[in-house]
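Visitor: need a structure here:
(4 chains)
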Protein chains: 2
Amino acid sequence: MVKLNGQVYLMMNEKISEEKILNAAREVFMEKGLDGARMQEIANKAGINKAMLHYYFRSKNKLFEKVFAEAFKDFWPQMESAILSERSSAEVFASIIEAYLTVFTQNPYLPNFILSEIHRSPEHLERLMKEIGLNPGMMIHFVDTLIENGFLKSMDSREFLINILSLCIFPFAARPLISRLMWENDDKEFELFVQGRKASIMHIIETCYIIKSE
Amino acid sequence: MVKLNGQVYLMMNEKISEEKILNAAREVFMEKGLDGARMQEIANKAGINKAMLHYYFRSKNKLFEKVFAEAFKDFWPQMESAILSERSSAEVFASIIEAYLTVFTQNPYLPNFILSEIHRSPEHLERLMKEIGLNPGMMIHFVDTLIENGFLKSMDSREFLINILSLCIFPFAARPLISRLMWENDDKEFELFVQGRKASIMHIIETCYIIKSE
DNA sequence: ATTAAGTTTAACCATTTGGTTAATTTCAGA
DNA sequence: TCTGAAATTAACCAAATGGTTAAACTTAAT
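Guide: Numbers count the residues shown, from 1 in each chain, chains lettered A, B, ... in the order given. So this is what the prediction gives:
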């Protein structure tokens, strides 16, 4: 990094190396977790010297935190934007569900990665939740409003949200088990299952919770 | 271990040490995973010398496999016995759900522990599934029969089972996150949630899937 | 070309960690 | 009480691992 005229300039290779490290670290950490990951493996995968990892991120933990912070944002899809989009409640839920299915299809290790860290260091999780301004109250309030207006049946809005999360996330978190239990580990079958999943979850929501659409 | 008259006798302390090791190992592995666990910590918690771990279980991996095998059985509650119990389908589902909620309430780390291993070593999982004669086909067939007999709506029985698993397991797998998101990390509130969970899941099943009861 | 800053590397280091070994203790049976 | 096998311990070891260091290399502005 170069400072000049009070302005900060990045040298050509800086962004590239940092990026390569983060990409490699994401892969390795996602697959093996903090404890299972090896700095040497990350360096190899990034195609650079191990010392570079420490040069850019100081320590294994710091690097991990960076990777986790990025991943955690993906785990919490843009519910706000979906809510604010002036669409019907059914459409809002559909778009949230779709966001999840897409992210997890593209990042198979993400659900487990987050779930592990949730247990490994809840404090870290809590700090991060505050940092990114995660706002569950907004979702709860959104659902409560729909209930008051008679679009959703009377119920515990928290439970409703937890059910959506469960139905979206769990099948991916347990994919290798489910795939073996249900389809003899045939990937194609699981993909078919995911393709129908959005409609499937929406059907449950509509049957159980939605009274009328706006 | 002592062999005498072709019969095998256990010396007084053998069962005790082995048991102490397994209990300690279960605690540590459940909380920290295979990579995060330390043999020394297990030894300390068991109140014995580290060499004893190897004396009884040869290696960290062997010890882990033993712990995992036991835990995995708990993860798959006695669906068979519930099915064979000649009760109505609703009662069968209720008893399966209750089994899960009970096990996870008593073993908070269990869901995550299994989910991690599912991704860490699917081969190990597959081997174990065969060893304990895990029989998903029976469950699928059970649901299919209920459909044919008009007790359940026409649907994909696999999806139905996955939904039950999701609704039962996920809230525990993500408990620290959910607890913070929904109830400011108040344990009492989560316990209340779990208390109502059985009825809550049954309500979904009945509303979405059950046509008539036997 | 020189400089000064950031970048990259190879070699190195201290600690941790799973695992071993050899000696000692315990204990049931003769 | 003597014996032999199993149980237990303390000390030890080699490998792995996260991290450091000092020197060499790039690069952009003067």
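Visitor: Now that residue A:70 has come up, it's in contact with residue A:25, right?
Guide: No. Using C-beta atoms under 8 Å, residue A:70 is not in contact with residue A:25, being 10.0 Å away. All C-beta spots, glycine's among them, are computed from the backbone N, C-alpha and C.
Visitor: if you count what's nearby, which of the two comes out ahead?
Guide: Ranked by neighbour count (other C-beta atoms under 10 Å in any protein chain shown), residue A:70 and residue A:25 place residue A:25 first, with 24 against 11.
Visitor: now for the helix or strand where the more buried one lies, which elements pack on it?
Guide: In the assignment (DSSP states H and E), residue A:25 maps to helix A:12-36. Where contact means 3 or more C-beta pairs under 8 Å, 6 or more residues apart in numbering or on different chains; DSSP states H and E, helix A:12-36 is packed against helix A:39-46, helix A:50-57, helix A:60-75, helix A:110-120, helix B:12-36, helix B:110-120.
Visitor: Next, the buried residues of it.
Guide: Judged by neighbour count (16 or more other C-beta atoms under 10 Å in any protein chain shown), helix A:12-36 contains these buried residues: A:17-18, A:20-22, A:24-34, A:36.
Visitor: Repeat that for stretch A:74-90.
Guide: Neighbour-count burial for stretch A:74-90 [16+ other C-beta under 10 Å]: A:75, A:76, A:77, A:79, A:82, A:83, A:89.
Visitor: Show me those that map onto strands.
Guide: The strands, defined by DSSP state E, take in nothing from the buried residues of stretch A:74-90.
Visitor: Which residue in the residues you listed has the weakest pLDDT?
Guide: Least confident entry in the buried residues of stretch A:74-90, by pLDDT: residue A:77, with 71.
Visitor: Next one: the nearest residue to it once chain neighbours are set aside from residue B:35, what distance?
Guide: Leaving aside its sequence neighbours, residue A:77 sits nearest to residue A:99 (C-beta to C-beta, 6 or more residues apart in numbering or on different chains; 3.7 Å). Between residue A:99 and residue B:35 the distance is 31 Å, computed by C-beta to C-beta, to the nearest Å.
Visitor: re the thing from before, and the helix holding residue A:25, average pLDDT?
Guide: 89.
Visitor: For the nearest residue to residue A:74 once chain neighbours are set aside, give its distance to residue B:126.
Guide: Nearest non-adjacent residue to residue A:74, counting by C-beta to C-beta, 6+ apart: residue A:103, 5.4 Å away. With distances taken as C-beta to C-beta, residue A:103 is found 27 Å from residue B:126.
Visitor: Could you check which of the two has the larger neighbour count?
Guide: residue A:103 (18 against 15).
Visitor: Which strands and helices lie in contact with whatever helix or strand the more buried one lives in?
Guide: Secondary structure from DSSP H and E places residue A:103 in helix A:89-106. With contacts taken as 3+ C-beta pairs under 8 Å, 6+ apart, helix A:89-106 sits against helix A:79-83, helix A:110-120, helix A:157-173, helix A:187-208.
Visitor: Please name the residues that touch the nearest residue to residue A:60 once chain neighbours are set aside.
Guide: Nearest residue to residue A:60 in three dimensions, chain neighbours excluded: residue A:39, at 5.9 Å (C-beta to C-beta, 6+ apart). With C-beta atoms under 8 Å, 6 or more residues apart in numbering or on different chains as the criterion, the residues that contact residue A:39 are A:50, A:53, A:60.
Visitor: Within reach of DNA strand C, which of these are there?
Guide: residue A:50 (C-beta under 7 Å from any atom of the strand).
Visitor: now the contacts of residue A:39 in a markdown table, with pLDDT?
Guide: Formatted as a markdown table, those follow (pLDDT from 0 to 100):
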| residue | pLDDT |
| --- | --- |
| A:50 | 96 |
| A:53 | 97 |
| A:60 | 98 |
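Visitor: for the contacts of residue A:39, which one is nearest residue A:186?
Guide: residue A:60 (37.4 Å; C-beta to C-beta).
Visitor: Can you pull the domain assignment for chain A?
Guide: A:2-64, A:76-208 (automatic domain parsing).
Visitor: what about the longest one, distance to the chain center?
Guide: Relative to the centre of its chain, domain A:76-208 is centred 10 Å away, using C-alpha atoms, centre = their mean, to the nearest Å.
Visitor: Would you state the predicted confidence (pLDDT) at the residue nearest to residue A:77?
Guide: 93.
Visitor: Many thanks, have a good one.
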